[in-house]
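*Asks:* take this sequence and fold it.
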Amino acid sequence: MPAKLIPLSWKGFNMFAHKVIRSAAVTGLTLAAIAGGGVAQASTPAPSGDVSIQESCPSSGQIGYGRVCTTLSSGRLFHDKTQGSGPVNVRTWYEKSSGGTISAKLGFNYAGTTTWGSTFSQASGTTKSASWDRNWASDCYSTIGMLSVTGQGTFQTPSGTC
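*Replies:* Reported below is the predicted structural model:
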């Protein structure tokens, strides 16, 4: 008789343990989603800045590790660099919040040399971005995000470093 009870109790224990583990996993994922809601972001063609819920960038322009922004009259210009296991990815993006459609291009400046992306049209309420991979030893090089708007001039972020 006890030999028959052991498999039944183990089966019950295994079912119970499975429910506990599954419940803990769901709880952990839920807490991670709540706690990290603004931190983990999927990669998109037009990234959002850490200040996208705010109306302006901080006066220092520094909004995170290597990430900077500047507030312009009709939007915000962002710039950052990230490095995984490969090359450094340099990104500049512009969130246009008001005004008419513009013709512009995004770029970055490193050591006095500016690299530009392609020219684009951008309407209010949209975000445009450009990125470049660089075989740099580190993402700590000082770079500046650039926006050149036809007929209006060139705008830049503060220097983005570590």
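
*Asks:* which stretches of this protein form strands?
*Replies:* 62-64, 67-72, 75-83, 88-96, 102-110, 113-116, 120-122, 126-134, 143-149, 153-160 (DSSP state E).

*Asks:* check contacts around T114.
*Replies:* G107, F108, M146 (Cβ atoms under 8 Å, 6 or more residues apart in numbering). (Glycine included, C-beta is placed from N, CA and C.)

*Asks:* for S97, which non-adjacent residue is closest in space?
*Replies:* G75 (4.8 Å; Cβ to Cβ, 6 or more residues apart in numbering).

*Asks:* any chance of a markdown table for the strands of the chain, columns distance to S56 and mean pLDDT?
*Replies:* Shown next, in a markdown table, are the strands of the chain (distance: least, Cβ to Cβ, whole Å; pLDDT from 0 to 100):
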| stretch | distance to S56 | mean pLDDT |
| --- | --- | --- |
| strand 62-64 | 11 | 84 |
| strand 67-72 | 4 | 94 |
| strand 75-83 | 7 | 93 |
| strand 88-96 | 11 | 96 |
| strand 102-110 | 19 | 97 |
| strand 113-116 | 25 | 97 |
| strand 120-122 | 19 | 98 |
| strand 126-134 | 16 | 96 |
| strand 143-149 | 16 | 97 |
| strand 153-160 | 13 | 94 |
